[in-house]
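K.L.:
Build me a model:
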Amino acid sequence: MAAILRSLLTAVGLYMFTVAAAEAGAWDAPTEALSAPVEITVYRSPSCGCCGKWIEHVKRHGFVVKDIKDEDMDAVKRRLGLPEQLQSCHTAVVGTYLVEGHVPAGDIKRLLKSKPKLDGLAVPAMPMGTPGMEMGARKDPFSVLGFTKDGRTTVFSDYRSY
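P.N.:
Residues are numbered from 1 along each chain as shown. Here you go, the predicted structure:
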């Protein structure tokens, strides 16, 4: 009986490891290297797990993260000037830009390199399959929106068939 239980636990453990590895690898393709370490300050609720996963994503892509947990994220978003219709769970500041929600690290790097006349990038809501929101094979289509603080938006990147 013990041998059967051990075999079953080993099989379940290998399955869980395989699923976790597949989920973690969805956004791990190499992106353009940063020329120097770039700090990104992330504001998030202490109870949000997906925010922690997104932080791990940006760290894997070379960002240095300052993680600030705050119970009143609505106040943080208002103070930073984030348009309400673009809000998601966590809000980050990198250089002079805001980054809202589950924006892929490659898009943040492109933002910093191209320096467009935007106030930031956002992935409104919390689409499944975005960095930090991986759910196995499920990948909802989404767009990364470039925005200005007066609420104007433009599509910065489109992930309709990724």
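
K.L.:
From residue 88, how far out is the residue most central in space within the chain?
P.N.:
Among the residues of the chain, the one closest to the centroid is residue 102, at 3.1 Å (C-alpha atoms, centre = their mean). Between residue 102 and residue 88 the distance is 7 Å, computed by C-beta to C-beta, to the nearest Å. Just so you know, the C-beta spots here come from the backbone N, C-alpha and C atoms, and that holds for glycine as well.

K.L.:
Now the common contact residues for those two.
P.N.:
Common neighbours of residue 102 and residue 88, using C-beta atoms under 8 Å, 6 or more residues apart in numbering, are 123, 126.

K.L.:
residues in contact with the residue nearest to the centre of the chain?
P.N.:
50, 54, 88, 123, 126-127, 130-133.

K.L.:
ok, it to residue 37 distance?
P.N.:
From residue 102 over to residue 37 (counting by C-beta to C-beta), the distance is 22 Å.

K.L.:
what's the answer for residue 104, then?
P.N.:
Counting by C-beta to C-beta - residue 104 and residue 37 are separated by 19 Å.

K.L.:
who has more neighbours, these two?
P.N.:
residue 104 (25 against 8; other C-beta atoms under 10 Å).

K.L.:
Make sure the more buried one is actually in contact with residue 156.
P.N.:
No. Contact criterion C-beta atoms under 8 Å: residue 104 and residue 156 do not qualify, at 10.4 Å.
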